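> what follows is a predicted protein model with its sequence.
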Amino acid sequence: MNQRLYTFPADGGSDPSIIPEFLPELKSTCPLNGDVNVRLLINRGNAQVFDIQILQNIRGGFAVLQSDAALYQDEATRSVVDSYFGGLIGPSFEADFVNSMVRMGRIGVLTGLQGTIRTTCSAFN
């Protein structure tokens, strides 16, 4: 997050994809040389629920993660994001997300003695 807020490669400042109204909020939560263990809410609508609100945040310029912001900057993926807001008949974000997580769980799965389950997600055992 520090790189995105303070030393973004393009000009050494903040990531230009962060809307100006959102930048002070992110910087106050993640001050330069601050605690790197601070947790950011990636879903501003409801911290307890992961739902289509995250896509609304991304569309509105409130993407916390650079990878999320990139979803709406690229023409190909922007149309995918927008497809979830087309009306009553169309793809379901929640169902698609579940299916994609199941598929990703099958990528390069290490089993037996080759793999480990992390006790803390952000650290190796």
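Great, that's in hand. Numbering: from 1, shown residues only.
> going forward, measure contacts and count neighbours with C-alpha atoms only.
Fine.
> which of the residues in the lengthiest helix in the chain are buried?
Determined from DSSP state H, the single longest helix within the chain is helix 93-104. For helix 93-104, the neighbour count (16 or more other C-alpha atoms under 10 Å) marks F93 as buried.
> next: stretch 40-55.
In stretch 40-55, counting by 16+ other C-alpha under 10 Å, buried: I42, N43, R44, I52, Q53, I54, L55.
> repeat that for stretch 6-18.
For stretch 6-18, the neighbour count (16+ other C-alpha under 10 Å) marks Y6, S14, D15, S17, I18 as buried.
> go through those residues and name the one nearest N125.
Each of the buried residues of stretch 6-18 was checked against N125 using C-alpha to C-alpha; the closest is Y6, at 30.5 Å.
> OK, contacts around that closest one?
Taking C-alpha atoms under 8 Å, 6 or more residues apart in numbering, we find Y6 in contact with G12, G13, S14, L32.
> list phi and psi for it.
Torsion angles at Y6 (phi, psi; degrees, to the nearest 10) stand at phi -120, psi -30.
> before we move on, the earlier item: residues contacting the longest helix of the chain, please?
Outside helix 93-104, the residues within contact range by C-alpha under 8 Å, 6+ apart are D51, I52, Y84.
> ok, the first one - contacts?
Right, the one you point to is D51. Applying C-alpha under 8 Å, 6+ apart, the residues near D51 are F93, E94.
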